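In: how would this look folded up:
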Amino acid sequence: MKRSRHEVKPATVCVAATTIWRDVNRLHLALFRYFMYYVYSLGPDALRMVSSENRLG
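Out: The predicted structure is shown next:
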């Protein structure tokens, strides 16, 4: 029984997963940083607005 075609090497999966994970983390960090800069530039009123929206939702 040959199953080599259906089997995936765990090492390949690990490398691919870590690469994707790193890219996603980098993207999230960048987005989060931009969002924080945006909030800081707007000031405390924006924070109050966001928190009230969260309470309503």
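
In: longest helix in the protein, please.
Out: helix 10-42 (DSSP state H).

In: what is the rounded mean pLDDT of it?
Out: Helix 10-42 shows a mean pLDDT of 88.

In: same for it, what does it pack against?
Out: helix 44-56 (3 or more CB pairs under 8 Å, 6 or more residues apart in numbering; DSSP states H and E). Backbone N, C-alpha and C define where each C-beta goes, glycine included.

In: can you show me the CA trace of stretch 32-49 as PDB?
Out: C-alpha atoms of stretch 32-49 as PDB (Å, rounded to 0.1, in the frame of the first residue of the first chain):
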ATOM      1  CA  PHE A  32      -2.600  47.500  16.200                       C
ATOM      2  CA  ARG A  33       0.100  50.100  16.200                       C
ATOM      3  CA  TYR A  34      -1.600  52.200  13.600                       C
ATOM      4  CA  PHE A  35      -4.900  51.900  15.500                       C
ATOM      5  CA  MET A  36      -3.200  53.100  18.700                       C
ATOM      6  CA  TYR A  37      -1.600  56.000  16.900                       C
ATOM      7  CA  TYR A  38      -5.100  56.900  15.500                       C
ATOM      8  CA  VAL A  39      -6.800  56.700  18.900                       C
ATOM      9  CA  TYR A  40      -4.000  58.700  20.600                       C
ATOM     10  CA  SER A  41      -4.300  61.400  17.800                       C
ATOM     11  CA  LEU A  42      -8.100  61.700  18.400                       C
ATOM     12  CA  GLY A  43      -7.700  61.900  22.200                       C
ATOM     13  CA  PRO A  44      -9.800  60.700  25.100                       C
ATOM     14  CA  ASP A  45     -13.200  61.500  23.500                       C
ATOM     15  CA  ALA A  46     -12.500  58.700  20.900                       C
ATOM     16  CA  LEU A  47     -11.800  56.200  23.800                       C
ATOM     17  CA  ARG A  48     -15.100  57.200  25.500                       C
ATOM     18  CA  MET A  49     -17.000  56.700  22.200                       C
END
